[in-house]
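In: model the structure of this input:
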Amino acid sequence: MRKEWLKELWSSYSEWHAWWIGIYAGLVEWRGIDSKTMQNEDVQREFHYAAAGYVVGTVLRWIFILSVGYAFFTRF
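Out: Just a heads-up that it's a prediction; the model follows:
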């Protein structure tokens with residue numbers, strides 16, 4: 001039973017597409033997923049994947065920003 005839900009995770013193209021759109025939005029958009037991105041059919045169908053991807057992208061963005069800031073300011 002436990003492995004059944006793992007088989008369903010990212011089992012279709014639209015799930016993968018929504019996931020990567022969410023990650024991209026998290027990396028580059030500062031105010032959340034914009035309305036143009038929300039019009040994408042895959043994002044509308046699998047919004048929870050896009051939302052989870054957005055969270056992952058936002059965390060990656062802040063890790064990058066803080067890492068670069070730390071590297072820059074600890075040099076002086």
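In: list the buried ones in the helix or strand that contains His17?
Out: In this assignment (DSSP states H and E), His17 forms part of helix 13-28. Residues Ser14, Glu15, His17, Ala18, Trp19, Ile21, Gly22, Ile23, Tyr24, Ala25, Gly26, Leu27 are the ones in helix 13-28 that count as buried (16 or more other C-beta atoms under 10 Å). For every residue, glycine as well, the C-beta is placed using N, CA and C.
In: turn these into TSV, columns for distance to Ala51 and pLDDT.
Out: Output for these, formatted as TSV (distance: C-beta to C-beta, whole Å; pLDDT from 0 to 100):
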residue	distance to Ala51	pLDDT
Ser14	14	92
Glu15	12	92
His17	14	94
Ala18	9	95
Trp19	10	95
Ile21	11	95
Gly22	6	95
Ile23	11	96
Tyr24	13	95
Ala25	10	95
Gly26	10	95
Leu27	15	96
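In: so where's the longest helix in the chain?
Out: helix 47-73 (DSSP state H).
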